[in-house]
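Student: Sequence and predicted structure below; questions after.
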Amino acid sequence: MTELPPCDVAIIGAGIAGTALALALSGHGLRIVLIEAQGTERTALPAALSLESFDPRVVALNPRSRGVLQGLDAWQAVADYRLCAYRHMTVWDAEGTGAIDFDSADVNVEALGYIVENRALVAALLHRLAACADVRVLAPESLAGCERGAEGSMALTLASGARLRCGLVVAADGALSRVRELLAFRTREWDYGHHAIVATVQVEHPHQATAWQRFLPSGPLAFLPLPSTASAHYCSIVWSLQSARVEGLQALDEAGFCAALERAFEGRLGRVQACSRRYAFPLRQRHAVDYIQPGAVLVADAAHTIHPLAGQGINLGLQDVAVLVEELLRAAQRGEPLGSVEVLRRYQRRRKGENLAMMAAMDGFKRLFEQPALPLRWLRNAGLRGVDRAGPLKHQLMRQAMGLGAAKAMQ
Ligand SMILES: Cc1cc2nc3c(=O)[nH]c(=O)nc-3n(C[C@H](O)[C@H](O)[C@H](O)COP(=O)(O)OP(=O)(O)OC[C@H]3O[C@@H](n4cnc5c(N)ncnc54)[C@H](O)[C@@H]3O)c2cc1C
């Protein structure tokens, strides 16, 4: 059995959260190991714009997340490749006349957010990591076992059979976290009974740099703007609806699906002309009761998964990363053990409240818009119109969604 050289921090998972964390911790005298089950070889990103060239997994990053990525010197590479800044957001209720429009000019920012392909962001972060001598990347390699060893260290067993000791193991291994399972972290989970269909579509009319969201009684439908040409207009769609209906929609051929999607979206962007391969994900809200144990900590989707309707998942995850980095570097400066509960508790205290509040808000929104009862429909339509007209309240909501309402970290 190979015994790998020990490290201070072992990060499991090289998605957006894990790679950002490794990069942010680099250069501070720590020995870091990043372990990723899939390969991290960088295949060339497609250069030409076409329906099938987009990563089906896109994220809407808010300006606060852009700040974190700029701080890591990873933003420019993503911007140079391709992204779509959206300056407007339109949300409306399928069951009435309630609508709300947000405009970046109202709050004096260049964009409300940016639609970025997941793989382009991870590629930019990995590219930066390649220059970091203090980060060892093990990929493809996965975590198979995790035990608390002597003197507070953690003993990891990898799928290859190698063993690794570390002072702290960070779970950045996503919604179905193996670390969380191996260390028996408790979670609270809600099954929405919903799936999300995700795909790239080509539409007839320009998307106007707008993120569109229609609330149907069956669930929200979002059209997110993607880089486009003068003659080909692309959007990424996230269509959340009851699991029982997803099978029927997935069974439709492309033309049938495009027609159903166009109807559900009220044809706001004209005809839905073409659709890429479609993927369906079950939607579950999940929140770890505790994010920490001695020698172990959960970040991003390993700690919380949230309904995609507000596009906040990785925005919360990047804030977890930013705060954890602050606390770990402060502890390292003071000579405190990185895996000590006192150090990790400071991270948990700073992150749990914001994550919980956002999850509760998204849950409430989703349930409110599912209500068919007339008084509730009237109330939410009046509410949407009222917020739309109430300048200060609307601006406060916008700042919150952009991540500008709370304390900044790592920027
Ligand atoms: C339909 C949909 C739409 C979304 N839209 C948005 C949006 O607009 N904005 C937004 O902010 N968020 C959005 N999200 C959420 C966002 O995608 C996630 O929050 C984000 O990708 C989580 O990143 P992560 O790095 O925590 O985990 P992941 O991206 O899941 O990465 C985890 C990594 O860990 C690796 N791994 C897993 N197990 C092991 C193991 N045992 N050993 C080694 N490696 C392992 C995996 O291979 C993977 O690379 C959306 C989610 C869905 C489902």
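Tutor: Right, received. Where do you want to start? Residues are numbered from 1 along each chain as shown.
Student: In PDB, list the C-alpha atoms belonging to stretch 211-225.
Tutor: Taking Å, rounded to 0.1, in the frame of the first residue of the first chain, the C-alpha atoms of stretch 211-225 are listed here in PDB:
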ATOM      1  CA  ALA A 211     -32.700  36.400 -17.800                       C
ATOM      2  CA  TRP A 212     -36.300  35.300 -18.200                       C
ATOM      3  CA  GLN A 213     -38.300  33.400 -15.600                       C
ATOM      4  CA  ARG A 214     -41.900  32.300 -15.800                       C
ATOM      5  CA  PHE A 215     -43.600  30.800 -12.800                       C
ATOM      6  CA  LEU A 216     -46.100  28.100 -13.900                       C
ATOM      7  CA  PRO A 217     -48.200  26.200 -11.400                       C
ATOM      8  CA  SER A 218     -46.100  23.200 -12.400                       C
ATOM      9  CA  GLY A 219     -42.900  24.900 -11.500                       C
ATOM     10  CA  PRO A 220     -40.500  27.700 -12.700                       C
ATOM     11  CA  LEU A 221     -39.100  27.900 -16.300                       C
ATOM     12  CA  ALA A 222     -36.000  29.900 -16.900                       C
ATOM     13  CA  PHE A 223     -34.400  31.000 -20.200                       C
ATOM     14  CA  LEU A 224     -30.900  32.200 -19.500                       C
ATOM     15  CA  PRO A 225     -29.000  34.200 -22.200                       C
END
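Student: Quick one: check that stretch for contact with the ligand.
Tutor: No - Stretch 211-225 stays clear of the ligand (Cβ under 6 Å from any ligand atom), getting no nearer than 6.9 Å. In short, each C-beta sits where N, CA and C put it, glycine included.
Student: buried ones in that stretch?
Tutor: Neighbour-count burial for stretch 211-225 flags 211-216, 218-225 (criterion: 16 or more other Cβ atoms under 10 Å).
Student: Adding distance to Val343, write these out as JSON lines.
Tutor: Output for the buried residues of stretch 211-225, formatted as JSON lines (distance: Cβ to Cβ, whole Å):
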{"residue": "Ala211", "distance to Val343": "38"}
{"residue": "Trp212", "distance to Val343": "43"}
{"residue": "Gln213", "distance to Val343": "40"}
{"residue": "Arg214", "distance to Val343": "45"}
{"residue": "Phe215", "distance to Val343": "42"}
{"residue": "Leu216", "distance to Val343": "46"}
{"residue": "Ser218", "distance to Val343": "45"}
{"residue": "Gly219", "distance to Val343": "41"}
{"residue": "Pro220", "distance to Val343": "39"}
{"residue": "Leu221", "distance to Val343": "43"}
{"residue": "Ala222", "distance to Val343": "39"}
{"residue": "Phe223", "distance to Val343": "43"}
{"residue": "Leu224", "distance to Val343": "38"}
{"residue": "Pro225", "distance to Val343": "41"}
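Student: Closest one of those residues to the ligand?
Tutor: Leu224 (6.9 Å; Cβ to the nearest ligand atom).
Student: Look up the closest residue to the residue in the stretch 1-150 of the chain that the ligand sits nearest to, ignoring the ones flanking it.
Tutor: Nearest residue of the stretch 1-150 of the chain to the ligand: Gly15, at 2.3 Å (Cβ to the nearest ligand atom). Of all residues not flanking Gly15 in the chain, Gly174 sits nearest, at 6.1 Å (Cβ to Cβ, 6 or more residues apart in numbering).
Student: Let me see the contact set for the one you found.
Tutor: 13, 15, 300-302 (Cβ atoms under 8 Å, 6 or more residues apart in numbering).
Student: Just the ones in helices from these, please.
Tutor: Of the contacts of Gly174, none are assigned to helices by DSSP state H.
Student: What parts of the stretch 301-411 of the chain come near the ligand?
Tutor: Counting by Cβ under 6 Å from any ligand atom, the stretch 301-411 of the chain sits next to the ligand at 301, 308, 311-315, 317.
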